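K.L.:
sequence? don't have it. structure:
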(Lines give C-alpha, C1' and ligand atoms only; values in the text may rest on other atoms or scores of the structure.)
Protein backbone atom coordinates (compact mmCIF):
# COMPACT_ATOMS: atom_id res chain seq x y z
CA UNK A 1 0.00 0.00 0.00
CA UNK A 2 0.98 3.62 -0.45
CA UNK A 3 3.20 5.33 2.09
CA UNK A 4 2.14 8.82 3.09
CA UNK A 5 4.38 11.43 4.66
CA UNK A 6 2.36 14.09 6.44
CA UNK A 7 3.80 17.17 8.07
CA UNK A 8 3.90 18.88 10.40
CA UNK A 9 3.06 16.22 12.96
CA UNK A 10 1.91 18.83 15.41
CA UNK A 11 1.78 22.59 15.83
CA UNK A 12 0.58 25.20 18.26
CA UNK A 13 -0.73 28.28 16.48
CA UNK A 14 -2.04 31.66 17.42
CA UNK A 15 -5.65 32.43 16.63
CA UNK A 16 -6.13 34.36 13.42
CA UNK A 17 -3.14 32.74 11.71
CA UNK A 18 -3.06 30.00 9.07
CA UNK A 19 -1.33 26.62 8.93
CA UNK A 20 -0.61 24.57 5.84
CA UNK A 21 -0.42 20.80 6.15
CA UNK A 22 1.35 18.76 3.51
CA UNK A 23 0.91 15.18 2.38
CA UNK A 24 3.36 13.46 0.08
CA UNK A 25 2.60 9.99 -1.30
CA UNK A 26 5.24 7.60 -2.57
CA UNK A 27 3.19 6.64 -5.62
CA UNK A 28 0.65 8.22 -7.91
CA UNK A 29 -2.85 8.00 -6.52
CA UNK A 30 -6.13 9.11 -7.98
CA UNK A 31 -8.12 9.52 -4.80
CA UNK A 32 -6.90 11.73 -2.00
CA UNK A 33 -8.98 12.98 0.90
CA UNK A 34 -8.71 15.21 3.96
CA UNK A 35 -10.36 14.36 7.27
CA UNK A 36 -10.66 16.02 10.65
CA UNK A 37 -10.75 14.05 13.88
CA UNK A 38 -11.63 15.96 17.01
CA UNK A 39 -10.54 14.46 20.35
CA UNK A 40 -12.41 11.26 21.09
CA UNK A 41 -14.47 11.56 17.94
CA UNK A 42 -14.75 9.89 14.58
CA UNK A 43 -13.25 10.99 11.29
CA UNK A 44 -15.18 13.69 9.47
CA UNK A 45 -14.54 14.19 5.78
CA UNK A 46 -13.51 17.74 4.93
CA UNK A 47 -13.00 17.42 1.20
CA UNK A 48 -11.83 15.37 -1.73
CA UNK A 49 -8.65 16.73 -3.24
CA UNK A 50 -9.00 16.59 -7.02
CA UNK A 51 -5.91 16.72 -9.18
CA UNK A 52 -6.03 19.66 -11.57
CA UNK A 53 -9.33 21.06 -10.34
CA UNK A 54 -10.94 22.53 -7.25
CA UNK A 55 -11.49 20.32 -4.26
CA UNK A 56 -14.95 19.00 -3.51
CA UNK A 57 -16.04 20.10 -0.05
CA UNK A 58 -18.46 18.43 2.32
CA UNK A 59 -21.31 20.23 3.99
CA UNK A 60 -20.02 22.51 6.71
CA UNK A 61 -16.59 23.03 5.14
CA UNK A 62 -15.77 25.88 2.75
CA UNK A 63 -12.87 26.68 0.51
CA UNK A 64 -12.14 30.03 2.13
CA UNK A 65 -11.55 28.33 5.48
CA UNK A 66 -9.88 25.14 4.22
CA UNK A 67 -8.20 25.80 0.86
CA UNK A 68 -6.76 22.65 -0.68
CA UNK A 69 -4.21 22.21 -3.41
CA UNK A 70 -3.51 19.07 -5.45
CA UNK A 71 -0.89 19.99 -8.04
CA UNK A 72 -0.10 16.39 -9.01
CA UNK A 73 -0.98 12.78 -8.23
CA UNK A 74 1.48 12.47 -5.32
CA UNK A 75 1.02 15.67 -3.31
CA UNK A 76 -1.67 17.72 -1.60
CA UNK A 77 -1.91 20.50 0.95
CA UNK A 78 -4.66 21.60 3.30
CA UNK A 79 -4.58 25.07 4.81
CA UNK A 80 -6.52 25.91 7.94
CA UNK A 81 -7.14 29.65 7.64
CA UNK A 82 -7.91 32.35 10.19
CA UNK A 83 -7.75 29.79 12.95
CA UNK A 84 -9.80 29.81 16.13
CA UNK A 85 -9.62 27.44 19.13
CA UNK A 86 -12.51 25.46 17.59
CA UNK A 87 -10.12 24.40 14.82
CA UNK A 88 -8.00 22.50 17.33
CA UNK A 89 -8.11 18.94 16.08
CA UNK A 90 -6.19 16.23 14.30
CA UNK A 91 -6.13 16.58 10.53
CA UNK A 92 -5.46 13.49 8.41
CA UNK A 93 -4.95 12.97 4.73
CA UNK A 94 -5.74 9.65 3.15
CA UNK A 95 -5.41 7.98 -0.20
CA UNK A 96 -8.05 5.71 -1.60
CA UNK A 97 -6.85 2.25 -2.55
CA UNK A 98 -10.04 0.29 -2.66
CA UNK A 99 -9.41 -3.35 -2.18
CA UNK A 100 -6.21 -2.72 -0.25
CA UNK A 101 -7.72 -0.32 2.20
CA UNK A 102 -7.46 3.41 2.31
CA UNK A 103 -4.23 4.51 3.89
CA UNK A 104 -3.91 7.43 6.28
CA UNK A 105 -1.14 9.84 6.95
CA UNK A 106 0.17 10.03 10.49
CA UNK A 107 -1.93 13.10 11.21
CA UNK A 108 -1.30 16.69 12.23
CA UNK A 109 -2.27 17.60 15.78
CA UNK A 110 -3.24 21.26 15.72
CA UNK A 111 -3.72 23.35 18.83
CA UNK A 112 -4.96 26.92 18.45
CA UNK A 113 -4.35 29.25 21.38
CA UNK B 1 -25.41 11.17 1.08
CA UNK B 2 -24.22 8.13 2.97
CA UNK B 3 -24.82 7.89 6.74
CA UNK B 4 -23.21 5.22 8.89
CA UNK B 5 -24.46 4.31 12.37
CA UNK B 6 -22.28 2.24 14.69
CA UNK B 7 -23.13 0.42 17.92
CA UNK B 8 -22.19 0.06 20.69
CA UNK B 9 -20.11 3.12 21.47
CA UNK B 10 -18.23 1.22 24.19
CA UNK B 11 -17.72 -2.50 24.71
CA UNK B 12 -15.97 -4.23 27.58
CA UNK B 13 -15.16 -7.94 27.43
CA UNK B 14 -13.02 -10.43 29.26
CA UNK B 15 -9.98 -11.85 27.56
CA UNK B 16 -10.97 -14.84 25.48
CA UNK B 17 -14.54 -13.69 24.93
CA UNK B 18 -15.93 -12.63 21.57
CA UNK B 19 -16.75 -9.05 20.62
CA UNK B 20 -19.28 -7.92 18.05
CA UNK B 21 -19.65 -4.41 16.65
CA UNK B 22 -22.52 -3.54 14.34
CA UNK B 23 -22.98 -0.86 11.71
CA UNK B 24 -25.83 0.19 9.46
CA UNK B 25 -25.63 2.32 6.36
CA UNK B 26 -28.18 4.34 4.47
CA UNK B 27 -27.12 4.30 0.82
CA UNK B 28 -28.15 1.09 -0.91
CA UNK B 29 -25.59 1.85 -3.64
CA UNK B 30 -22.69 1.46 -1.18
CA UNK B 31 -20.43 -1.43 -2.12
CA UNK B 32 -17.29 -1.29 0.00
CA UNK B 33 -17.14 -1.62 3.78
CA UNK B 34 -13.82 -1.47 5.64
CA UNK B 35 -13.10 -1.66 9.34
CA UNK B 36 -10.33 0.31 10.99
CA UNK B 37 -8.57 -0.03 14.33
CA UNK B 38 -7.15 3.08 15.93
CA UNK B 39 -4.88 2.90 18.93
CA UNK B 40 -4.37 5.94 21.10
CA UNK B 41 -2.34 8.59 19.34
CA UNK B 42 -2.00 6.60 16.14
CA UNK B 43 -3.52 6.70 12.70
CA UNK B 44 -6.41 4.39 11.75
CA UNK B 45 -5.26 1.06 10.38
CA UNK B 46 -7.32 -1.17 8.12
CA UNK B 47 -8.00 -4.55 9.72
CA UNK B 48 -10.51 -6.10 7.31
CA UNK B 49 -12.83 -5.06 4.52
CA UNK B 50 -15.65 -6.55 2.50
CA UNK B 51 -17.27 -5.83 -0.83
CA UNK B 52 -20.95 -6.05 -1.56
CA UNK B 53 -20.67 -9.22 -3.61
CA UNK B 54 -19.48 -11.17 -0.57
CA UNK B 55 -21.49 -12.08 2.54
CA UNK B 56 -18.65 -12.92 4.90
CA UNK B 57 -14.90 -12.62 5.12
CA UNK B 58 -12.51 -13.99 7.73
CA UNK B 59 -8.94 -13.27 8.67
CA UNK B 60 -7.74 -15.34 11.62
CA UNK B 61 -9.65 -14.08 14.68
CA UNK B 62 -11.47 -11.34 12.79
CA UNK B 63 -14.51 -11.70 10.57
CA UNK B 64 -16.91 -9.32 8.88
CA UNK B 65 -20.44 -10.14 7.76
CA UNK B 66 -22.58 -8.12 5.38
CA UNK B 67 -26.33 -8.12 4.89
CA UNK B 68 -27.08 -5.91 1.90
CA UNK B 69 -30.81 -6.35 2.16
CA UNK B 70 -30.85 -5.02 5.70
CA UNK B 71 -27.98 -2.62 4.99
CA UNK B 72 -25.89 -3.68 7.93
CA UNK B 73 -22.49 -5.17 8.49
CA UNK B 74 -20.73 -6.44 11.59
CA UNK B 75 -17.25 -7.02 12.91
CA UNK B 76 -16.62 -10.15 14.93
CA UNK B 77 -13.49 -10.64 17.01
CA UNK B 78 -13.04 -14.04 18.62
CA UNK B 79 -10.69 -15.00 21.44
CA UNK B 80 -10.10 -11.39 22.33
CA UNK B 81 -6.75 -10.34 23.76
CA UNK B 82 -5.73 -7.22 25.69
CA UNK B 83 -3.94 -5.92 22.60
CA UNK B 84 -7.29 -5.82 20.82
CA UNK B 85 -8.21 -2.88 23.06
CA UNK B 86 -8.62 0.15 20.78
CA UNK B 87 -11.23 2.22 18.99
CA UNK B 88 -12.80 0.48 16.01
CA UNK B 89 -14.44 2.36 13.15
CA UNK B 90 -16.64 1.00 10.43
CA UNK B 91 -16.92 2.87 7.15
CA UNK B 92 -18.76 2.77 3.86
CA UNK B 93 -18.03 3.99 0.35
CA UNK B 94 -21.22 5.16 -1.26
CA UNK B 95 -19.91 5.39 -4.81
CA UNK B 96 -16.81 4.05 -6.44
CA UNK B 97 -14.03 6.58 -6.16
CA UNK B 98 -15.56 8.57 -3.36
CA UNK B 99 -14.37 9.07 0.18
CA UNK B 100 -15.22 6.75 3.03
CA UNK B 101 -17.87 7.81 5.50
CA UNK B 102 -17.12 6.64 9.03
CA UNK B 103 -19.22 5.48 11.94
CA UNK B 104 -18.73 7.16 15.31
CA UNK B 105 -16.49 4.41 16.62
CA UNK B 106 -16.55 1.74 19.31
CA UNK B 107 -14.11 1.75 22.18
CA UNK B 108 -13.27 -1.88 22.91
CA UNK B 109 -11.68 -2.74 26.24
CA UNK B 110 -10.39 -6.27 26.81
CA UNK B 111 -9.51 -7.05 30.40
CA UNK B 112 -7.29 -9.93 31.42
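P.N.:
Nice, I can see it. Just so it is clear, the model here is predicted, and its values are computed rather than measured.

K.L.:
closest residue of chain B to chain A?
P.N.:
residue B:46 (3.2 Å; C-beta to the nearest C-beta). Any C-beta I mention is one placed from the backbone N, CA and C, and that applies to glycine too.

K.L.:
and chain B, which residues reach chain A?
P.N.:
B:32, B:34, B:43-46, B:49, B:51, B:89, B:93, B:96-105 (C-beta under 8 Å from any C-beta of the partner chain).

K.L.:
now the buried members of those residues.
P.N.:
Buried members of these, counted by 16 or more other C-beta atoms under 10 Å in any protein chain shown: B:32, B:34, B:43-44, B:46, B:49, B:89, B:93, B:98-105.

K.L.:
for chain B, which segments count as helices?
P.N.:
Under the criterion DSSP state H, chain B contains no helices.

K.L.:
where exactly do the strands run in it?
P.N.:
Using DSSP state E, the strands of chain B run over residues B:4-7, B:10-14, B:19-25, B:32-38, B:45-51, B:56-59, B:62-67, B:72-77, B:86-93, B:100-102, B:106-111.

K.L.:
show me what the shortest one is packed against.
P.N.:
Counting contacts by 3 or more C-beta pairs under 8 Å, 6 or more residues apart in numbering or on different chains; DSSP states H and E, strand B:100-102 packs against strand A:43-48, strand B:86-93.

K.L.:
who does the longest one touch, helix- and strand-wise?
P.N.:
Using 3+ C-beta pairs under 8 Å, 6+ apart as the contact criterion, the elements in contact with strand B:86-93 are strand B:4-7, strand B:19-25, strand B:32-38, strand B:72-77, strand B:100-102, strand B:106-111.

K.L.:
what's the mean pLDDT across that strand?
P.N.:
Taken as a whole, strand B:86-93 has an average pLDDT of 96.

K.L.:
who does it pair up with?
P.N.:
Strand pairing for strand B:86-93, using DSSP bridges, gives strand B:32-38 (antiparallel), strand B:100-102 (antiparallel), strand B:106-111 (antiparallel).
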